[in-house]
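*Asks:* For reference, the sequence and a predicted model appear below.
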Amino acid sequence: MDEAMSVFKEFHALSAKDKAIETSKDPNKSCYIYTSSPSYATEKFHFRRDGLMHHSEVSKLGFRILEFISRGLGISSDHFSSGLCENQALVVNHYPPCPDPSLTLGVGKHRDPGGINILLQSVVYGLQVFKDEEWVGVEPIPYAFVVNIGYPL
């Protein structure tokens, strides 16, 4: 994990021009990048996040976890193997500094689109979940994954 995180940090330290050489704006490509919104005039808060999406081996981990969940529920271990999680991808978010942090959010309130989401947090406290009508912070634990059973749209 340390080696992978080092590569991601190196990537996000590249200039915008060099990032563009390594990635695509086409979401159907294997390595896709999206950047923070520049529409400051119409935004109440500015979303400052650069994301790198790569279709990768992470799907094997997701399917393995779903296999264990299936067994725990007493259903066939391949119950979730078709349809629910076929488009798994690795997404690495980077939150660049903002000149006015009071107007900035990394990511707004949202639902992750997959059936299962596996998150590796950094040491920065920022992930929140909506529970019992309030936002609750999730304390980052080094080298631990947060596994969310998603709400596919």
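*Replies:* Thanks, I have the structure now.
*Asks:* partners of the helix or strand hosting Gly51 in the sheet?
*Replies:* Assigned by DSSP states H and E, Gly51 falls within strand 50-54. Partners of strand 50-54 in the sheet, by DSSP bridges, are strand 31-34 (antiparallel), strand 90-94 (antiparallel).
*Asks:* So which of those is nearest Phe63?
*Replies:* strand 90-94 (14.2 Å; CB to CB). (Glycine included, C-beta is placed from N, CA and C.)
*Asks:* one step back: and the strand holding Gly51, how far out from the chain's middle?
*Replies:* Relative to its chain's centre, strand 50-54 lies at 8 Å (CA atoms, centre = their mean, to the nearest Å).
*Asks:* ranking the strands paired with strand 50-54 by mean pLDDT, which is last?
*Replies:* When the strands paired with strand 50-54 are compared by mean pLDDT, strand 31-34 comes last with a mean of 70.
*Asks:* Would you mind measuring from Asp18 to Ile33?
*Replies:* 11 Å (CB to CB, to the nearest Å).
*Asks:* what about the two, which has more around it?
*Replies:* Taking neighbours as other CB atoms under 10 Å, Asp18 and Ile33 compare with Ile33 leading, 21 against 11.
*Asks:* contacting residues for that one?
*Replies:* By CB atoms under 8 Å, 6 or more residues apart in numbering, the residues touching Ile33 are Lys19, Ala20, Thr23, Ser24, Lys25, Asp50, Gly51, Leu52, Met53.
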